[in-house]
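S.K.: Quick check, what structure comes out for this input:
(one chain, ligands or ions: 1)
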Amino acid sequence: MSKIDVFSNAMQQLEHAYKYLEVSNDAKAVLAQPKRITETSIPIRMGNGSLKVFTGYRVLYNDARGPGKGGIRFHPGVNLSEVKALAFWMTIKTAVMGIPFGGGKGGVIVNPKELSKHELEHVSRGFIRGVADAIGPDVDVPAPDVYTNPMIMGWMADEYATITRKYQPAVITGKPLPMGGSEGRGEATAKGAYHVLMEAIKALEMDAKKSTVAIQGFGNAGYNLAKMLHEEGFTVIGLSDSKGAVCKMDGLDPEHAMRAKKEKGSVNDIYEKGSVADEKGCKHITNEELIELDVDILVPAALENVITKENAAKVKAKIVLEVANGPTTPEADKILYDKGILVIPDVLANAGGVTVSYFEWVQNRQGYYWTEDEVFDKLKPIMVREFKNIYSLMQENDGMMMRDAAFVHAIKRIVAAIEAKGTEADYKV
Ligand code: NAD
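M.R.: Residues are numbered from 1 along each chain as shown. Predicted coordinates:
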C-alpha cells in the first residue's frame with residue numbers, strides 16, 4: 001500500500017505547522033529526527049525445524065514530555081521510515097491529548113498470518129529480548145498496533161519481567177486484564193473516535209441519524225467504531241478488510257459482518273453472491289471503491305497512504321475521520337481541504353487508545369484498578385476538551401486545516417518542554 005516515504009510525509013506536516021508558530025531553532029533541530037533507533041534481528045526456530053530471522057525496530061522519537069509511548073506493529077510492510085513516522089506522530093498525539101508521554105513506535109517485518117501460535121509467541125518474546133534495554137515504564141512503553149493484540153502484549157510483558165526479574169506491568173499497555181490490563185482498553189480507540197466524531201457532527205450541524213458511514217479496516221478500531229455508530233443510528237453503508245469491501249445502501253450490521261469474518265474469513269463474505277441480501281443491493285467492491293463511496297463520513301481504519309492525490313478528488317464524504325495512522329498524504333490533504341471536507345486528523349481521532357493506555361500505566365503504577373465506567377468517564381472529557389481546543393484554534397486562524405491546528409496545539413506543548421531546559425538565547429553572554 002505504501003511506496004510513499006511516510007517519514008518525509010510526517011516531516012512535511014511538521015514544516016507546514018511551523019508556519020503558524022514561533023519555534024526556536026533548537027527545538028526544530030530536536031524534532032527533526034528520532035532520539036533513538038533500535039534495530040534487532042530475531043532468529044526463530046520455526047515449526048518445521050528451519051531457522052528464520054525477522055527484523056524488528058523500536059524508535060523513541062522524543063521524550064521531552066515523558067517516556068516514549070506507542071504500539072508495536074507486526075506486518076510484512078514494516079520499514080524504518082514507517083516506524084519513525086509513526087513514532088513522530090505518537091509524540092504529537094500524546095501532546096495533543098496533554099498526557100505525560102513522549103512518542104515511540106515499534107514494528108517487526110513479519111506476516112503473522114503465516115506463523116503458528118508458537119512461532120508468533122517466539123517472535124514476540126524475541127523482539128522484547130532485542131529491545132529490552134530501550135524500553136521500560138520510565139523509558140518507552142509499547143502497546144498493540146496492527147496485527148498485535150493483548151495476548152502478544154502479555155507474552156511481551158512476561159518476557160520483560162523474566163529479563164529484569166521484576167513484575168513490571170507498566171512496561172507495556174494493552175495487556176490482558178488478568179495481567180494488569182485496563183478495563184475498556186479494547187474499545188478505547190473506537191470510543192475516542194466516536195466522541196470526537198459526535199463533537200464534529202455537532203459543530204457541522206449534521207444529524208447522526210441521517211448520516212451514512214464507510215469504514216475501511218475491520219479490526220479492533222474499525223469494528224468497534226462500526227458497532228458504536230450503528231447503535232447510535234448512523235447507517236454504516238461500507239465496510240472492508242484486507243480481502244475486500246462490501247457496501248449496502250440501506251446499511252450493514254457490523255455484528256453480522258464480524259460473524260461472517262470470523263466464520264468465513266472476511267467482511268466481504270457477509271452476503272453470498274446472488275443471495276437475497278445481494279439482490280437487495282449488497283455489492284462487493286474494492287477497498288479503492290470504498291474510499292470513493294457517496295457517504296457523509298469516511299473512516300480509514302486500516303493502513304497509511306490510502307487517500308492520495310490520485311483518489312482524493314473523488315472522496316465525497318463531508319468528514320474524514322482518520323482512525324488509521326497517516327491515511328492521508330499531504331497532497332491529498334490539500335485536495336480534501338479545497339473541497340471543504342473536514343479531516344479530523346489521526347493524532348486526535350485515534351488518540352482514545354493512547355489515552356486509555358495512559359490510564360492503564362497509571363493503574364499499574366498505583367496498583368489500584370478502575371471499573372470500565374470509571375475509565376470511560378475519564379476518557380470522554382479529555383477527548384471533548386482536546387477536540388474543542390483544536391477546533392477553536394482552527395476557527396481562530398482563518399483557513400487553517402484541522403491537522404495544522406492539532407499540530408500547532410501539540411507542538412506548543414512539546415516545544416515548551418524542550419525549551420524549558422534552555423535555548424540558544426539563554427546561553428548568549
Ligand atoms: P487490526 O490489526 O485490529 O485491524 C486492521 C484491519 O485492517 C483488519 O481488518 C485488516 O483486515 C484490515 N486491513 C489490512 N490491510 C488492509 C488493506 N490493504 N485494505 C483494507 N483493510 C486492510 O488493527 P487496528 O488496531 O484496528 O488498527 C487499525 C489502524 O488504526 C492502524 O492504522 C493503527 O495504527 C490505528 N490505531 C489503532 C489503535 C488501537 O488501539 N487499536 C490506536 C491508534 C491507532
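S.K.: burial of the residue in the stretch 151-300 of the chain that the ligand sits nearest to, as a residue count?
M.R.: Among the residues of the stretch 151-300 of the chain, residue 219 lies closest to the ligand, at 1.7 Å counting by Cβ to the nearest ligand atom. Glycine gets a C-beta too; all of them are placed from N, C-alpha and C. Neighbour count for residue 219, taken as other Cβ atoms under 10 Å: 18.
S.K.: Let me see the contact set for it.
M.R.: 146, 241, 301, 302 (Cβ atoms under 8 Å, 6 or more residues apart in numbering).
S.K.: And for the first one, the neighbour number?
M.R.: The one in question is residue 146. 23.
S.K.: List the contacts of the nearest residue to it once chain neighbours are set aside.
M.R.: Spatial nearest neighbour of residue 146, chain neighbours left out: residue 73 (4.7 Å); criterion: Cβ to Cβ, 6 or more residues apart in numbering. Shown in contact with residue 73 (Cβ under 8 Å, 6+ apart): 83, 86, 105, 106, 107, 108, 145, 146, 147, 148.
S.K.: at 7 Å instead, please
M.R.: 107, 145, 146, 147, 148 (Cβ atoms under 7 Å, 6 or more residues apart in numbering).
S.K.: Settle this for me: the second one is touching residue 72, isn't it.
M.R.: It refers to residue 145. Yes: using Cβ atoms under 7 Å, residue 145 is in contact with residue 72, at 5.8 Å.
S.K.: Comparing the two, which residue is more hemmed in?
M.R.: residue 72 (31 against 22).
S.K.: Check the secondary structure at residue 23 for me.
M.R.: coil (DSSP: H, G, I helix; E, B strand; the rest coil).
S.K.: Would you confirm that it contacts residue 415?
M.R.: Yes: using Cβ under 7 Å, residue 23 is in contact with residue 415, at 5.5 Å.
S.K.: Could you list the buried residues of stretch 69-89?
M.R.: 69-75, 78-89 (16 or more other Cβ atoms under 10 Å).
S.K.: For the stretch 301-429 of the chain, what lies in contact range of the ligand?
M.R.: 301, 302, 303, 323, 324, 325, 350, 353 (Cβ under 6 Å from any ligand atom).
S.K.: Quick check: the farthest pair among these?
M.R.: Spanning the widest gap among those are 303 and 353, at 15.9 Å by Cβ to Cβ.
S.K.: the more surrounded of the two?
M.R.: Neighbour comparison, residue 303 and residue 353: the larger count goes to residue 353, with 27 against 21 (by other Cβ under 10 Å).
S.K.: what's the helix or strand for the more buried one?
M.R.: helix 352-366 (DSSP states H and E).
S.K.: what's next to that helix, contact-wise?
M.R.: 69, 93-94, 97, 99, 101, 141, 143, 169-170, 173-174, 180-182, 184-185, 188-189, 191-193, 369-370, 375, 378-379, 382-383.
S.K.: For PyMOL, what selects the buried ones among those?
M.R.: A single PyMOL command is used to select the members of the contacts of helix 352-366 judged buried by 16+ other Cβ under 10 Å:
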select buried, resi 69+93+94+97+99+101+141+143+169+170+173+174+180+181+182+184+185+188+189+191+192+193+370+375+378+379+382+383
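S.K.: Mark which of the contacts of helix 352-366 are part of strands, please.
M.R.: Among these, the members found in strands (DSSP state E) are 69, 141, 143.
S.K.: Dump the contacts of residue 219 into a markdown table; add secondary structure and pLDDT as well.
M.R.: A markdown table is the format used below for those (DSSP: H, G, I helix; E, B strand; the rest coil; pLDDT from 0 to 100):
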| residue | secondary structure | pLDDT |
| --- | --- | --- |
| 146 | coil | 87 |
| 241 | strand | 95 |
| 301 | coil | 97 |
| 302 | coil | 94 |
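S.K.: Among the residues you listed, list the two that are farthest apart in space.
M.R.: 146 and 241 (12.0 Å).
S.K.: Tell me which of the contacts of residue 73 fall in helices.
M.R.: Using DSSP state H, no member of the contacts of residue 73 sits in helices.
S.K.: got a markdown table for the residues you listed, with distance to residue 404 too?
M.R.: Formatted as a markdown table, those follow (distance: Cβ to Cβ, whole Å):
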| residue | distance to residue 404 |
| --- | --- |
| 107 | 27 |
| 145 | 25 |
| 146 | 26 |
| 147 | 31 |
| 148 | 31 |
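S.K.: out of those residues, who's near the ligand?
M.R.: Filtered for proximity to the ligand (Cβ under 6 Å from any ligand atom), the contacts of residue 73 shrink to 145, 146, 147.
S.K.: from what I can see the last one touches residue 76, true?
M.R.: Read that as residue 147. No: judged on Cβ under 7 Å, residue 147 makes no contact with residue 76 at a distance of 9.7 Å.
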